[in-house]
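*Asks:* Fold the following, please.
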Amino acid sequence: MRLLVAIPLFLALALIAFAHARWARRQYWPFVDGEHLSKYVIGDPARPGMPPDGLIWLVAGALSFAALDALALGFDLGAFVNKAAAWIGAGLLAVFGLRGLAGYTPFWRSARSVLEFSLLDKRFYSPLCILLAEGFYVLVSERLWP
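*Replies:* Modelled structure (predicted):
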């Protein structure tokens, strides 16, 4: 059962991390340039263009770490590793859950008001974050709250 959740969660996070790594290397697919990518992915009207490459690499690394944690939660790796992965997963559950829910608040909508981002956030980014949080919940609940 755990692997049925862990592997798709790992793949989704790994693909998102891969996209961020490409963007940090200034390969803006599926967009034409950094300005268009920023409109669709960041959505901050006060900040046109992409953030510094180092920050994008940091996000790619964090997403890669989250992907590996999801994969670790799918296996029995020993008591200490299982507990550590579960507690890290609980933190990721909170991060993705809060980000997903924040996408539906008026504060988030006003701070990220670029139309292209707003449409994608409401239909894709926020629901995806909630789905990722649910995946971590399933994996973590078996370890921390048996």
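*Asks:* any idea which element residue 129 lies in?
*Replies:* Taking DSSP states H and E as the criterion, residue 129 maps to helix 126-144.
*Asks:* Show me what that helix packs onto, helices and strands only.
*Replies:* helix 2-24, helix 53-73, helix 79-102 (3 or more Cβ pairs under 8 Å, 6 or more residues apart in numbering; DSSP states H and E). In short, each C-beta sits where N, CA and C put it, glycine included.
*Asks:* could you dump that helix to PDB, C-alpha only?
*Replies:* Only the C-alpha atoms of helix 126-144 are listed here, as PDB (Å, rounded to 0.1, in the frame of the first residue of the first chain):
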ATOM      1  CA  SER A 126      -2.900  24.800  -5.100                       C
ATOM      2  CA  PRO A 127      -4.800  21.500  -5.700                       C
ATOM      3  CA  LEU A 128      -1.500  19.800  -6.500                       C
ATOM      4  CA  CYS A 129       0.000  21.000  -3.300                       C
ATOM      5  CA  ILE A 130      -3.000  19.700  -1.400                       C
ATOM      6  CA  LEU A 131      -2.700  16.400  -3.200                       C
ATOM      7  CA  LEU A 132       1.000  16.200  -2.300                       C
ATOM      8  CA  ALA A 133       0.100  16.900   1.400                       C
ATOM      9  CA  GLU A 134      -2.500  14.200   1.300                       C
ATOM     10  CA  GLY A 135       0.200  11.700   0.000                       C
ATOM     11  CA  PHE A 136       2.500  12.700   2.800                       C
ATOM     12  CA  TYR A 137      -0.300  12.300   5.300                       C
ATOM     13  CA  VAL A 138      -1.000   8.700   4.200                       C
ATOM     14  CA  LEU A 139       2.700   7.800   4.400                       C
ATOM     15  CA  VAL A 140       3.300   9.600   7.700                       C
ATOM     16  CA  SER A 141       0.200   8.500   9.500                       C
ATOM     17  CA  GLU A 142       1.300   4.900   9.400                       C
ATOM     18  CA  ARG A 143       4.600   5.700  11.000                       C
ATOM     19  CA  LEU A 144       3.700   8.300  13.500                       C
END
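*Asks:* May I see the buried residues of that helix?
*Replies:* 126, 128-130, 132-140, 143 (16 or more other Cβ atoms under 10 Å).
*Asks:* Residue 107: which of those is nearest?
*Replies:* residue 126 (13.5 Å; Cβ to Cβ).
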